[in-house]
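>>> Need a 3D model of the sequence below.
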Amino acid sequence: MNKRTWIGVGSFVVSIAVLGTVLFGSNVSSMAGKNTTKLAGVIEGTEVDLSFKMGGSIEQLSLKEGDEVKAGQVVATLSSEEILAKKEQAEAAYKLSLVRLDQAKKGVSVTDNSSNAQVDQAKAAVNSAQAQLDANRNGARSEEITQIKAKLQAAQTSNQIAATNLERMKKLMAEGAVPQVKVEEAQMQAEKAQAEFKAAEEQLKMAQTGSRKEQVDAAQAQLDQAKAAYNQAVAGRGQVGLKELDVKSAEANVMQAKGALAEMEAYVNNTKLTAPVDGIVKAVAVQKGELVSQGFTVLTIQTKSDNYIKFYVNEYMLANVKTGDQVKLFVPALNREVDAKVVTVAPAADFAVKKATQELGDRDIRSFQVKLLVSDSELRPGLTVEWQLEGAGSGE
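Presented below is the predicted three-dimensional model:
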């Protein structure tokens, strides 16, 4: 074979290679015409934000970032002196209602136990009213206001950064540099930062304003009334011969007092913040002694399980994906494969991964969200994973 023949054969081989690249692109094709596509995703984890059902001052905070926590473990508590005083009042009222029910059933005179219960109830009412008056007069301490101002400044900075990042992502998406999901993530971060900033503003306003004069006056009136009732209870100790009480009315009073006591016990329990799941403390937003409002996020727990990945699969690859499928994913950081399970396939498309052109017969190619669950102990949120997915064709 001469030199000219070799040149001709070489040119033919090069032409075939170029033609194959144009026709089949970067996908790997099988003899049946199926394409294998590599999809990339990021492992996500479940985060749980913990907050109190009521406002107050942080009395105890036993965890820091990175600490492990068990479900049911107490992670923080609020100062509860005022609530405990009200609980004592409810307990005394409940005991008194039981005594009065016994009197109604037996038709006997008031005993020393009843008188003592009346005194205990009145004394508890005085303690509760005094605690309420002290709380209204004292208000927030200067150190607490300083802490709240520092938190407000940090929240304002975070809000500005999040807003700037959102605008940048919108511009990048308009230029085609980032997908829609990145803009959505930036939007959620901006909304979260703005909500935290507004919550910090409200917290500072509440701490600086303190109680109004009419609230202090009302608390003083309640204290005076409680003291008068206490003096009356002491003076009435030893009195006998009270009228017979109606049994049904006494039973209703017992139920009412029991409900009031249960309510106060619930308030006491609400001063304790417990972890609902096992996990690791991701973030702590408060310090000991800090004043927090109802619903303010105290700390965030990252669960150890329930890690998942969301992939966006185009409609031509979706035929081979079914809920419940067991698949293999590759983790570049670990340089090995892990098992995963398909838990959901979106019933409707999320967005188009390819827009139709003006060519005859051309059409959009749409993408569907597929959620996979992974349970490998070495996996952490943020790791990149790859999925080799085989489909019916590219649709192009």
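>>> which residue ranges form the strands in the stretch 251-396 of the chain?
For the stretch 251-396 of the chain, applying DSSP state E, counting those that start in this stretch gives strands covering 272-274, 279-284, 291-292, 297-303, 307-314, 326-331, 336-345, 351-354, 365-374, 384-391.
>>> mind listing what the third one pairs with, with the direction of each?
Yep, that's strand 291-292 we're talking about. Strand 291-292 sits in its sheet next to strand 56-61 (antiparallel), going by DSSP bridges.
>>> what's next to the partner strand, contact-wise?
75-80, 144, 271, 284, 286-292, 298 (CB atoms under 8 Å, 6 or more residues apart in numbering). In short, each C-beta sits where N, CA and C put it, glycine included.
>>> what about 7 Å?
Ala76, Thr77, Leu78, Ser79, Thr271, Val286, Gln287, Lys288, Gly289, Glu290, Leu291, Val292 (CB atoms under 7 Å, 6 or more residues apart in numbering).
>>> again, but for stretch 326-340
With CB under 7 Å, 6+ apart, stretch 326-340 has contacts from 341-342, 372-374, 376, 378-379, 383-387.
>>> which one of those sits closest to Ala200?
Nearest to Ala200 among the contacts of stretch 326-340: Leu383, at 33.0 Å, using CB to CB.
>>> Surely the closest one is in contact with Ile43?
Yes - between Leu383 and Ile43 a contact is recorded at 4.8 Å, counting by CB atoms under 7 Å.
>>> So these two - more neighbours on which side?
Each of Leu383 and Ile43 has its neighbours counted (other CB atoms under 10 Å); Ile43 has more, 22 against 18.
>>> check contacts around that one.
Ile43 neighbours (CB under 7 Å, 6+ apart): Asn307, Ile309, Val374, Leu379, Arg380, Pro381, Gly382, Leu383, Val385.
>>> How about the last one, nearest residue that isn't a chain neighbour?
Of all residues beyond its chain neighbours, the one nearest Val385 is Leu329 (4.6 Å), with distances taken as CB to CB, 6 or more residues apart in numbering.
>>> likewise the second one?
With CB to CB, 6+ apart as the measure, Gly41 is the residue that lies nearest to Ile309, at 4.2 Å, once sequence neighbours are left out.
>>> My guess is that neighbour contacts Tyr312. True?
No - between Gly41 and Tyr312 there is no contact under CB under 7 Å: 8.5 Å.
>>> burial of Ala155, as a residue count?
Neighbour tally, Ala155, other CB under 10 Å: 21.
>>> can you check Val331 too?
Neighbours of Val331 (other CB under 10 Å): 18.
>>> rewinding a little: which single one of the contacts of strand 56-61 is nearest to Ala186?
Using CB to CB, those come closest to Ala186 at Val286, 26.2 Å.
>>> For the stretch 101-250 of the chain, which segments are assigned as helices?
Remark: helices assigned in the stretch 101-250 of the chain by DSSP state H, counting those that start in this stretch are 112-138, 142-174, 180-209, 213-235, 247-270.
>>> Out of the ones you listed, which is closest to Leu50?
Among the helices of the stretch 101-250 of the chain, helix 247-270 comes nearest to Leu50, with 12.6 Å by CB to CB.
>>> Any regions of this protein where pLDDT drops low?
1-35, 107-117, 132-141, 206-216, 234-246, 351-363, 391-396 (pLDDT under 70).
>>> Residue nearest the middle of it, spatially speaking?
The residue lying closest to the centre of the chain (CA atoms, centre = their mean) is Asp49, at 2.9 Å.
>>> what bridges to that one?
Thr300.
>>> wouldn't it be in contact with Ile301 here?
No - using CB under 7 Å, Asp49 is not in contact with Ile301, being 8.2 Å away.
>>> domain assignment for this structure?
Following automatic domain parsing, one gets these domains for the chain: 27-45+306-391, 48-77+272-304, 78-271.
>>> any idea how far the second one is from the chain center?
Just to be clear, that refers to domain 48-77+272-304. Distance, stretch centre to chain centre, for domain 48-77+272-304: 11 Å (CA atoms, centre = their mean, to the nearest Å).
>>> Count the residues that sit near Gln103.
Neighbours of Gln103 using other CB under 10 Å come to 20.
>>> now do Met255
Neighbour count of Met255, defined by other CB under 10 Å: 11.
>>> same deal with the one 5 residues further on?
Using other CB under 10 Å, the number of residues around Ala260 comes to 18.
>>> just Val321 next, same as before
Around Val321 there are 19 residues (other CB under 10 Å).
>>> contacting residues around it?
Contacts of Val321 (CB under 7 Å, 6+ apart): Val313, Val342, Val345, Val370.
>>> what do you get if the cut-off is 10 Å, keeping everything else the same?
Residues near Val321 by CB atoms under 10 Å, 6 or more residues apart in numbering: Phe311, Val313, Val327, Val342, Val345, Phe368, Val370, Leu372, Trp387, Leu389, Glu390, Gly391.
>>> Mind giving me the ChimeraX command for buried ones among the residues you listed?
In ChimeraX, this line selects whichever of the contacts of Val321 come out buried by 16 or more other CB atoms under 10 Å:
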select :311,313,327,342,368,370,372,387,389,390,391
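>>> Just send the contacts of Val321 back as a markdown table, with distance to Arg100 too.
Converted to a markdown table, the contacts of Val321 look like this (distance: CB to CB, whole Å):
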| residue | distance to Arg100 |
| --- | --- |
| Phe311 | 68 |
| Val313 | 71 |
| Val327 | 69 |
| Val342 | 65 |
| Val345 | 65 |
| Phe368 | 68 |
| Val370 | 66 |
| Leu372 | 64 |
| Trp387 | 71 |
| Leu389 | 74 |
| Glu390 | 79 |
| Gly391 | 78 |
